[in-house]
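Asker: Next input, structure requested:
(2 chains)
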Amino acid sequence: MKEAPESLNFIEQIIEEDLANGFPQEKLRFRFPPEPNGYLHIGHAASICLNFGLGEKYNAPVNLRFDDTNPSKEEHEYVEAIKRDVAWMGFKWANECYASDYFQQLYDWAVQLIKDGKAYVDGQSSEAMAAQKGTPTTPGTNSPHRNQSVEENLDLFTRMKAGEFAPGTYVLRAKIDMASTNMHMRDPILYRIIDKAHHRSGTAWCIYPMYDWAHGESDYIEQVSHSLCTLEFKAHRELYDWYLDQIVDPAKLRPKQREFARRNLSYTVMSKRKLLELVQNKHVSGWDDPRMPTISGLRRRGYTPSAIRKFSDLAGIAKRDNVTDVSLLEFCIREDLNKIATRVMAVLDPVKLVITNYSEGKVEMLEAENNPEDPNSGTHEVPFSRELYIEREDFQEEASKKFFRLSLGSEVRLKSAYIIKAESVIKDSNGNIVEIHCTADLDSKSGTGTEASMRKVKGTLHWVSIAHAIQAEVREYDRLFLDESPDGHEDKNFLDFLNPDSLRVIPNAFCEPYLGKAGLQDKYQFQRLGYFTLDTDSKDGKLIFNKTVGLKDSWAKQNVTPEAKPQAPQPKQEQGKRSALNEIQQIGKKITNLSGEKLEAAKESIAQFAEEISYEELEPLFGTAAKKVGTRIAVAISLGVLLKNGQSRNEAINSFLEAAISDENEILREEAQKPG
RNA sequence: UGAUCCAUGGUGUAACUGGCAACACGUCUGAUUUUGGUUCAGAAGAGUCUAGGUUCGAGCCCUAGUGGAUCAACCA
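Answerer: Residues are numbered from 1 along each chain as shown, chains lettered A, B, ... in the order given. All right, here's what the predicted structure looks like:
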């Protein structure tokens, strides 16, 4: 058996390498370090799955650490939301940690830095410091306070902590290198004064550590072995390491930071700042609006943890910029829901259907499969009667043979019920159909095993009995933005791309009565429509369903109007020609791998295809890179054919052949000499 | 104008120390189907950004370009 080693992402490769170099596996430790200033989104899911996935894979602890070093932006509400989301995704953290728990240790280390002459208090304005910082292309200049005495720095820093100074008046800076090409090394700030109560430490502190100072040291305190973050922190790594250098005990584990590319999803935005803007400006109903790419939004919409984990798994981890197509996410949720969702019937846009040969007042309870994918899922009852609703778009008075649904004179099956035939329609004064009259084949009842019940008909429709239907509100969602990459345009604001039709509310959908017992956790498939789940806005007596995702719909696809179709059909002749050239290139690709009869056969077929192409098509290929010998051979053969057929020599031809004749490839030389 | 990172089908990722570019989504056929879903069978689509070089052999190594991203918050 051929062993197919599962391929590792580059982070896993780094860990495997460390392990191979003697790093003890039991010391592996990871962390997921969100700042509690917003809700988690599908991009965070990548990081969560990476870190916790690594924890599961190597049986290593993973901490949930809140990077709460800035009380002016952080709130307890976010802490709770984040914990809920991570837990919902099915991960268990080893410890719940807070950077704020390390404030004293961080302060003590900072004092040590001052004593070591590695940090100083700067009392300049932020503008002055920014000016001294230089730019990425020009070095900065030293602060006038850079060489203050240790005593003075200590005194100032103590008084900063004591609350003697106003916010913005003093900062503690590391003394590194104002001329570094890395901006983060130009005497970065360790502490600033913030006059705000912290969600955990309250008013115990008025100086707060900056991210860089807190993060690496927190990793060190927790003995995190691999500190994984997104690529925008790459430039911070040098500082991360510098800070560690100042305080690390060689006997203890020294964390290392590695960076991966953040995951982007098409037709949405993935920055907390922008998501917050959507929430604050009421473009959505909140962080958990089902259109949001947040974990809580996806949950409310009906996504499952396993679908999100599958998505993270399929999307992978790498270092290049990416925009993953939402269709991958949709694939993941459909795949999961197909296995678990209970099949029911609901009509969103109803038209009345009367079965004229079915007794008035008669009601039958029919049996409907809960889930054909799961033989153990059982059945439930659906009431059937003379008057039903079907979907308006499932009926056309006259239809083409491609339309598998109901039309006058044609037969369809009503799912789990009878085969019916449309006989006539009743219209209102505007010509709108208000009723469809049909007859049922009363021997064709589903599941009876009669010959009539086994008949094959073109289509199957979903329906509900009018007398028994329960009403529900249904919310259908479309992409929040109309552009694939709404924040990818320098000249335009992402809000310009908001989709005005991202929410469609159907106030009165008709559902089969079974849905009356729906609970918030239940997943349903409204047959032929899509997957639905109860929204948290639902109350007793008021059902509200969210459409999680539609079923794949190949009918809708082939039904799009010709002008809406992406590619205009090419004229036939053109296509023929193009494919001839294409064939030549295809054969050429592999020609250097061939020999003997196969080689001769390949040359022959190139020559044949060459009969169909024009010189104008071929000429661009003269510029083919020298190393692509196969293509050049194919071009030489084709050119030979064209010349034989009367193409006259020109400079381009001559220089191409000249180069070919002096090439080191024998086949190419041979073919290039033939026309001569 | 500097530093750093990245570049493989439409999209996202693979290709272990160089050996005929793979997987998934998407797209398109066909079969099955009481969901135009699912399932099954199959197809198209990439010379791995460009040009050189090393090598018997390069997506992978080297050089030079090109393109994109990131970096100058008392944010993280």
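
Asker: nearest spatial neighbour of A:L228, skipping sequence neighbours?
Answerer: A:R258 (5.7 Å; CB to CB, 6 or more residues apart in numbering). No exception for glycine: its C-beta is placed from N, CA and C like everyone else's.

Asker: Double-check that neighbour against A:V224; I have them as touching.
Answerer: No: with contacts counted by CB atoms under 8 Å, A:R258 stays clear of A:V224, the gap being 11.6 Å.

Asker: okay, those two: which has more neighbours?
Answerer: Applying other CB atoms under 10 Å to A:R258 and A:V224 shows that A:V224 carries more neighbours, namely 27 against 16.

Asker: RNA strand B contacts on the stretch 401-550 of chain A?
Answerer: Contacts of the stretch 401-550 of chain A with RNA strand B, taken as CB under 7 Å from any atom of the strand, map to A:402-405, A:413, A:415-417, A:445-447, A:453, A:456, A:459-460, A:525, A:527-528.

Asker: of those, buried ones?
Answerer: With burial judged by 16 or more other CB atoms under 10 Å, the buried subset of these is A:403-405, A:413, A:415-417, A:445-446, A:453, A:460, A:525, A:527-528.

Asker: RNA strand B: which of these is nearest?
Answerer: Ranked by distance to RNA strand B (CB to the nearest atom of the strand), these are led by A:S446 at 2.4 Å.

Asker: Let me see the contact set for the closest residue to that closest one other than its chain neighbours.
Answerer: Using CB to CB, 6+ apart and skipping the chain neighbours, the partner closest in space to A:S446 is A:S416 (4.9 Å). Shown in contact with A:S416 (CB atoms under 8 Å, 6 or more residues apart in numbering): A:366-369, A:382, A:446-447.

Asker: Identify the farthest-apart pair in those.
Answerer: A:V382 and A:G447 (11.9 Å; CB to CB).

Asker: Next, show the common contact partners of the two.
Answerer: Between them, A:V382 and A:G447 share the contacting residues A:367, A:416, judged by CB under 8 Å, 6+ apart.

Asker: hmm, back to that, quick one: which of the residues of the stretch 401-550 of chain A next to RNA strand B sit in strands?
Answerer: A:413, A:460, A:525 (DSSP state E).

Asker: from these, which is closest to A:Y243?
Answerer: Closest to A:Y243 out of these is A:Q525 (53.4 Å), distances taken as CB to CB.

Asker: Report the beta-bridge partners for that closest one.
Answerer: With DSSP bridges applied, A:Q525 shows beta-bridge pairing to A:R343, A:Y531.

Asker: Tell me how far A:F233 lies from A:L366.
Answerer: 60 Å (CB to CB, to the nearest Å).

Asker: Next, the contact list for the residue nearest to A:L228, please.
Answerer: A:11, A:14, A:226-229.

Asker: any idea which of those residues has the most stuff around it?
Answerer: Going by other CB under 10 Å, A:S227 tops the contacts of A:R258 with 24 neighbours.

Asker: just wondering, since we're on that one, how far is it from RNA strand B?
Answerer: Per CB to the nearest atom of the strand, to the nearest Å, A:S227 is found 12 Å from RNA strand B.

Asker: give the contact list for that residue.
Answerer: Contacts of A:S227 (CB under 8 Å, 6+ apart): A:31, A:215-216, A:219, A:240, A:255-258.

Asker: which one of those residues sits closest to RNA strand B?
Answerer: Closest approach to RNA strand B among these (CB to the nearest atom of the strand): A:H215, at 6.5 Å.

Asker: Any regions of the stretch 551-676 of chain A where pLDDT drops low?
Answerer: For the stretch 551-676 of chain A, applying pLDDT under 70 flags the ranges A:560-583, A:585-599, A:601-602, A:617, A:620, A:623-627, A:663-665, A:676.

Asker: Residue ranges in chain A under the pLDDT threshold?
Answerer: For chain A, the stretches with pLDDT under 70 are A:1-5, A:560-583, A:585-599, A:601-602, A:617, A:620, A:623-627, A:663-665, A:676.

Asker: what's near enough to touch the one residue sitting closest to the centre of chain A?
Answerer: Centroid check for chain A by CA atoms, centre = their mean gives A:L265 as the closest residue, at 3.7 Å. Applying CB under 8 Å, 6+ apart, we find A:L265 in contact with A:42-43, A:293, A:323-324, A:326, A:329.

Asker: Bridge partners for it, pull those for me.
Answerer: Under the criterion DSSP bridges, A:L265 forms beta bridges with A:T324.

Asker: What separation is there between it and RNA strand B?
Answerer: 9 Å.

Asker: still on that earlier bit, what is the most widely separated pair among the contacts of A:R258?
Answerer: Within the contacts of A:R258, A:I14 and A:C229 form the most distant pair, 13.6 Å apart (CB to CB).
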